[in-house]
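[1] build me a model:
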Amino acid sequence: METPSIREPGQPRAQRPLTLQDARTLALAALGGALEFYDFIIFVFFTTVIGQLFFPPDTSDWLRQLQSFGLFAVAYLARPLGGIIMAHHGDRTGRKRMFSLSVLLMSVPTLLIGLLPTYATAGYAAPLALLVLRMLQGAAVGGEVPGAWVFVSEHVPNHRVGFACGTLTAGLTLGILLGSLVATAINKIYSPEQVQAFAWRVPFLVGGVFGFLAVFLRRWLAETPVFEEMRQRRALVQELPLKAVLSGHGVSVAVSMLLTWVLTAGIVVVILMTPTLMQKQFGIAPARALEANSLATLSLTVGCIVFGLCADRFGVGRVLGVGCVALLVTTFLLYRGLAQSSEHLIPLYVLTGACVGVVGVVPTVMVHAFPAAVRFSGLSFSYNVAYAIFGGLTPLVVTLLVKTTSLAPAYYVAALCAVGFGVAIYLQIVGRNRFEAMSSS
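    Numbering: from 1, shown residues only. Prediction:
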């Protein structure tokens, strides 16, 4: 990979222990990330209801569903643009400012979605307004996720970057779990008629309030020491940050995009698609599938932190390789077990969810892959473009493959685990010292 060094500006921070201030920063950042990701993901749990309310009543069911999922997908397409713009300013003017802006840009549209008039009241203005708000949410999450990883990694000692990124990733996955629990509660408390009449708005209104709480919490965070030192030394990037990334760090971009593809396989297939697949392919009751999924997501949250700690202790290459092998094995155990009997569904899904926690190592690799001056832009471009492509294509590919074999999701995850294992071998061959030399130049 190219030549920057992980010797950050302010090398002494590499030697100091983790402090209470570091722990406070990690806690506030992870909590804010959980609340913001809840805002982004809650839409998917009410897609059916939103489709009925925001499109003409004479629209066929399949077209209404397609339009609704299109509104969900457009947020993913908006991620790269929002991420690139915020990363540009994050590298030029400061991490904290963009870190706070992203959560505000998420909370306002979420609150407004909860207040939107439906098609019956506003006609075609309703779905158009919803489209704009979903694009704003996509732009916000495009800046939030890479910005959060950069922010926490530059606050902690170098030997704790894995733990910091794993903890932040755990916060994001906790947001998925929170969305699932809130959606389940709404559907249990209210009848289907009440949900369609008014209760669908509650999660969005609550999410807007959560978002403003996150904005308030982030006021207590300080700019990263790495960026402050670069500013004092006048070492900030002078040219267009993205231009510097594309012209000088191509291998880092490629590695980061490949690992993002691995991440989408774990999150999209194992966590987001599997509950629906196990209902359709194996006849699992919806309530049981959702219960197992909630426990697996909780296991994933813990797994992200554990894998992050292991990355600090044993090195990112080794832990990434072991984690990919473990995910491959447990995913096959899960799907083969379901094909035979659902008796062991919950323990198998919980174990697989824990192994998906290897995605907590991915941001550790990516923040090390780019020099501090263009880190935000490099990570944001690689992650968001790859997620927009692979995150969008993965459901389609898996759905088509399932027609040939019920084990198709496991085969897909296995293929991406092989990619991740290949990257892990490359990192081991390059060597830790040389790899970490990528992060400063």
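
[2] pretty sure Val367 is touching Val150, no?
    Yes. Val367 is within contact range of Val150, at 6.1 Å (criterion: CB atoms under 8 Å). C-beta: built from backbone N, CA, C; applies to glycine.

[3] so for these two, which residue has more residues nearby?
    Val150 (32 against 27; other CB atoms under 10 Å).

[4] helix, strand or coil for that one?
    State at Val150, reduced to three classes by DSSP: H, G, I helix; E, B strand; the rest coil: helix.

[5] shouldn't it be in contact with Arg95?
    Yes. Between Val150 and Arg95 there is a contact under CB under 8 Å: 6.0 Å.

[6] quick check: neighbours shared by these two?
    Shared contacts of Val150 and Arg95, defined by CB atoms under 8 Å, 6 or more residues apart in numbering, comprise 224, 376.

[7] hang on, the earlier thing: return every residue with contacts to both of Val367 and Val150.
    375, 379.

[8] mind showing which ranges of the stretch 1-150 of the chain have poor pLDDT?
    1-15, 61-62, 64-69, 72 (pLDDT under 70).

[9] tell me the helices in it, going along the chain?
    Along the stretch 1-150 of the chain, the segments classed as helices by DSSP state H, counting those that start in this stretch run 20-45, 47-54, 61-92, 95-115, 119-122, 125-153.

[10] tilt between the fourth one and helix 125-153?
    Taking axes from the mean of the first three to the mean of the last three CA atoms, to 10 degrees, helix 95-115 and helix 125-153 form an angle of 150 degrees between their directions.

[11] coming back round to it: out of the helices of the stretch 1-150 of the chain, flag the one nearest Ser191.
    helix 47-54 (12.5 Å; CB to CB).

[12] that closest one to helix 20-45, inter-axis angle?
    Using the same axes, to 10 degrees: helix 47-54 against helix 20-45 is 60 degrees.

[13] what is helix 47-54 packed up against?
    helix 61-92, helix 119-122, helix 125-153 (3 or more CB pairs under 8 Å, 6 or more residues apart in numbering; DSSP states H and E).

[14] okay, those in CSV with distance to Leu242 next?
    Shown next, in CSV, are the helices and strands packed on helix 47-54 (distance: least, CB to CB, whole Å):
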stretch, distance to Leu242
helix 61-92, 6
helix 119-122, 38
helix 125-153, 13
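
[15] buried sites along stretch 36-56?
    36-47, 49-55 (16 or more other CB atoms under 10 Å).

[16] output that stretch as PDB, nothing but the C-alphas.
    Output in PDB follows, covering the C-alpha atoms of stretch 36-56 (Å, rounded to 0.1, in the frame of the first residue of the first chain):
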ATOM      1  CA  GLU A  36     -28.500   8.300  14.300                       C
ATOM      2  CA  PHE A  37     -28.500   4.800  12.900                       C
ATOM      3  CA  TYR A  38     -31.800   4.100  14.500                       C
ATOM      4  CA  ASP A  39     -33.100   7.200  12.600                       C
ATOM      5  CA  PHE A  40     -31.800   5.800   9.300                       C
ATOM      6  CA  ILE A  41     -33.000   2.200   9.700                       C
ATOM      7  CA  ILE A  42     -36.400   2.700  11.200                       C
ATOM      8  CA  PHE A  43     -37.800   3.300   7.800                       C
ATOM      9  CA  VAL A  44     -37.300  -0.300   6.700                       C
ATOM     10  CA  PHE A  45     -39.500  -1.600   9.500                       C
ATOM     11  CA  PHE A  46     -42.500   0.500   8.200                       C
ATOM     12  CA  THR A  47     -41.900   0.200   4.500                       C
ATOM     13  CA  THR A  48     -45.200  -1.600   3.900                       C
ATOM     14  CA  VAL A  49     -47.300   0.900   5.800                       C
ATOM     15  CA  ILE A  50     -45.500   3.900   4.200                       C
ATOM     16  CA  GLY A  51     -46.100   2.400   0.700                       C
ATOM     17  CA  GLN A  52     -49.900   2.200   1.400                       C
ATOM     18  CA  LEU A  53     -50.000   5.800   2.700                       C
ATOM     19  CA  PHE A  54     -47.700   7.700   0.300                       C
ATOM     20  CA  PHE A  55     -48.700   6.200  -3.000                       C
ATOM     21  CA  PRO A  56     -52.000   6.200  -5.000                       C
END
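
[17] before I go, just wanted to say thanks for your time.
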